[in-house]
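Student: Here you go, sequence then predicted model.
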Amino acid sequence: MNRNASHLPAVVALVLSLALSGCGQQPAGAPPQGATPVGVVTVKSQTISITTELPGRTSPYKIAEVRPQINGIVQQRLFVEGADVKTGEKLYQIDPALYKTALDSAQASLAKAKANWVTVKLKADRYRDLVKINAVSKQDFDDAEATFKQAEADVAANKALADTARINLDYTRIVSPISGRIGISTVTPGALLTANQTVALTTVQQLDPIYVDVIQSSAELMRMKHALENGLLKRAGPDAVKVNLLLDDNVHYALEGKLEFSDVTVDQGTGTVTLRAVFPNPKQDLLPGMFVRAILEEGVNEQGILVPQQGVTHDPRGNATALVLGQDGKVELRVLELGDALGDKWVVKSGLKAGDQLIVDGLQKVKPGATAQAVLMDAASAVTATKP
């Protein structure tokens, strides 16, 4: 076979290529003349958990301010400030001498009333039989019956006085109404206490579990409710809304909480609604009054759009924009409505759809209406390409 003949196809292809170039035509699949290569990412729809980050503050699950129910002098303080106490645990002892004497007197009066009751009852019983045979007058019987009923009333009254004296004596032992962490004491032994005084002796707070109160705008709450009703979002699960915490040092709290309820009243001054979540707090890492950020899982968008942040810019008016490469090779400007940031990506509410070619690399090289050539990139390479 002739050696030169073996090179003939290559020579013919080269000549044809030169001829087409001379005529202003391009080979099939080649980029248009003057097209700028840009990195693009194909927009895809995916399932996105919709979360909202809201400021919040912790508050105790239960709180009880301990106050005296009677007057008296404090004999003892029986707890360590800052310790954990149980329901019914004795906290203070008030001098019981006067109240013990009052109970003894009331019990003696009750015993006297009971003894008198026995005597008048026997007399009333006898007169009841005698009046039937006219052995006593009807008036004498009525007097005996009235005396008996008065004796019954005296017994009841003295029993009530004895019960009151016993309760007051019990009140000399001031106990914890709930289990929890006890605070500082405002009194010491020797202090005079008065019944129902305004200043609490101490405060007991239950910290496990613990509440986190967060604030959300009523407009955002209604928007989310309508999205769930219209099917744009689906609930994250059958149970209560899950909540996670981010502490002041940007550390995630290890345990997950649940949204317990939302307030039924909108604050007229701020237009917000209070939401309350409850969190387990076995190690009592969360203390009342701490400022935290609560992350609420409000729903799931099964057709969500998530794009790299480097593909989104903002115009002088602050509007979020993006450049998209159309099927004709022309660059288009899109105005976007953004949701939350998830890592290094933006949730796009509107402006992009699945299948769009979003330009993420070479944004400075092209403008809307310019011709560009797509260079497909995945999300990881798109992030790497934009790093200095």
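Tutor: Arrived safely, thanks for sending. Quick caveat: nothing in here was measured; it's all calculated off a predicted structure.
Student: Give me the domain ranges for the protein.
Tutor: 34-67+207-388, 68-94+174-199, 96-171 (automatic domain parsing).
Student: possible to save those domains as a markdown table with mean pLDDT?
Tutor: A markdown table is the format used below for these (pLDDT from 0 to 100):
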| stretch | mean pLDDT |
| --- | --- |
| domain 34-67+207-388 | 83 |
| domain 68-94+174-199 | 95 |
| domain 96-171 | 94 |
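Student: In JSON lines: the ones you listed, plus mean neighbour count.
Tutor: The C-beta positions use only the backbone N, C-alpha and C, and glycine is treated the same way. Shown next, in JSON lines, are those (neighbours: other C-beta atoms under 10 Å):
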{"stretch": "domain 34-67+207-388", "mean neighbour count": "16"}
{"stretch": "domain 68-94+174-199", "mean neighbour count": "15"}
{"stretch": "domain 96-171", "mean neighbour count": "15"}
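Student: K242 pairs with what?
Tutor: Bridge pairing for K242 (DSSP bridges) gives the partners K258.
Student: Go ahead and confirm it touches E260.
Tutor: No: with contact defined as C-beta atoms under 8 Å, K242 and E260 do not form a contacting pair (12.0 Å).
Student: List the residues that contact the residue nearest the centre of the chain.
Tutor: Nearest residue to the geometric centre of the chain (C-alpha atoms, centre = their mean): A277, 2.1 Å. With contact taken as C-beta atoms under 8 Å, 6 or more residues apart in numbering, A277 is in contact with G56, Y211, V212, V214, V243, G257, K258, L259, E260, A294, L296.
Student: Show me which of those residues is closest to S105.
Tutor: Taking C-beta to C-beta as the measure, Y211 is the one of the contacts of A277 closest to S105, at 47.7 Å.
Student: can you pull out the helices in the chain?
Tutor: Counting by DSSP state H, the chain forms helices over residues 3-6, 8-22, 97-130, 138-170, 218-229, 379-386, given from the N-terminal end onward.
Student: about what we covered before: would you mind giving the contacts of A277 as JSON lines with distance to V273 added?
Tutor: What follows is the contacts of A277, written out as JSON lines (distance: C-beta to C-beta, whole Å):
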{"residue": "G56", "distance to V273": "13"}
{"residue": "Y211", "distance to V273": "16"}
{"residue": "V212", "distance to V273": "15"}
{"residue": "V214", "distance to V273": "10"}
{"residue": "V243", "distance to V273": "15"}
{"residue": "G257", "distance to V273": "18"}
{"residue": "K258", "distance to V273": "17"}
{"residue": "L259", "distance to V273": "12"}
{"residue": "E260", "distance to V273": "14"}
{"residue": "A294", "distance to V273": "14"}
{"residue": "L296", "distance to V273": "13"}
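Student: And for T52, nearest residue in space, chain neighbours not counted?
Tutor: On the basis of C-beta to C-beta, 6 or more residues apart in numbering, the spatially nearest residue to T52 that is not a chain neighbour turns out to be L296, at 4.8 Å.
Student: make that R166, sorry
Tutor: Nearest non-adjacent residue to R166 (C-beta to C-beta, 6+ apart): L103, at 5.6 Å.
Student: if I pick Q107, what's in contact with it?
Tutor: Q107 is in contact with A162, A165, counting by C-beta under 8 Å, 6+ apart.
Student: again, but for L376
Tutor: Residues counted as contacts of L376 (C-beta under 8 Å, 6+ apart) are G39, V40, V41, T42.
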